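Asks: Sequence plus predicted model, see below.
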Amino acid sequence: MIYHLCNIVYERLTRNVVNNIVHPVAPRVLRTLFTANRSYQENRSEYKSVDRYMREFFQEADVCVLSSHPERGEITEMINGLRMRCYNVAGVFWSNSYGTPAQNIATLSWDEVLRIENPEVHGDRAIAEQLDRLAKYFTEMIIARSHAR
């Protein structure tokens, strides 16, 4: 997604970074993309709390992509932190990992709930092709929603 929106190739994704969006059909209001690039839980010991994460690590951008394991309390705090900054908040769910934990957070106060089909594939090439296809699809969804602002 970062490549498709920002034309940046990372060998190793940087955490909590803002990149400039340069996609040729992105509207002018869509200038920056913030990506956490790791789930909140993977760095919980560093962040200490969702509140601290939002104050010290989160960066304002036109589009922000946060990642979390399906832990209701922490996600509720993230939603609230984003709403306090006047963001519309979408829950994005992947079909291959949509079980009971994800169902438990699907009913939170999202502005929008998106489900992306991500069937299981095998082989490095098939996985890479599917990831690229889904990244393009997600990029198109972001651009389409920004035109509706």
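Replies: On my side now, so go ahead.
Asks: Got phi/psi on Pro27?
Replies: Dihedral pair for Pro27: phi -70, psi 160, per degrees, to the nearest 10.
Asks: Pull up the per-residue confidence for it.
Replies: Pro27 is assigned a pLDDT of 93 by the prediction.
Asks: Give me the buried stretch members for the longest helix belonging to the chain, please.
Replies: Taking DSSP state H as the criterion, the chain has its longest helix at helix 124-147. Residues Phe138, Thr139, Met141, Ile142, Ile143, Ser146 are the ones in helix 124-147 that count as buried (16 or more other Cβ atoms under 10 Å). In short, each C-beta sits where N, CA and C put it, glycine included.
Asks: Now do the same contact list for Gly123.
Replies: Not one residue lies near Gly123 by Cβ atoms under 8 Å, 6 or more residues apart in numbering.
Asks: Please determine how far Leu82 is located from Ser68.
Replies: Separation of Leu82 from Ser68 (Cβ to Cβ, to the nearest Å): 12 Å.
Asks: Please enumerate the shared neighbours of the two.
Replies: Counting by Cβ under 8 Å, 6+ apart, nothing touches both Leu82 and Ser68.
Asks: how close does Ile143 get to Ala36?
Replies: 20 Å.
Asks: thought Arg85 was touching Gln59?
Replies: No - using Cβ atoms under 8 Å, Arg85 is not in contact with Gln59, being 10.8 Å away.
Asks: and for the two, which residues touch both?
Replies: Common neighbours of Arg85 and Gln59 (Cβ under 8 Å, 6+ apart) do not exist.
Asks: Let me know the outermost residue of this structure.
Replies: Outermost residue of the chain with respect to the C-alpha centroid, by Cα atoms, centre = their mean, is Gly123; its distance is 25.1 Å.
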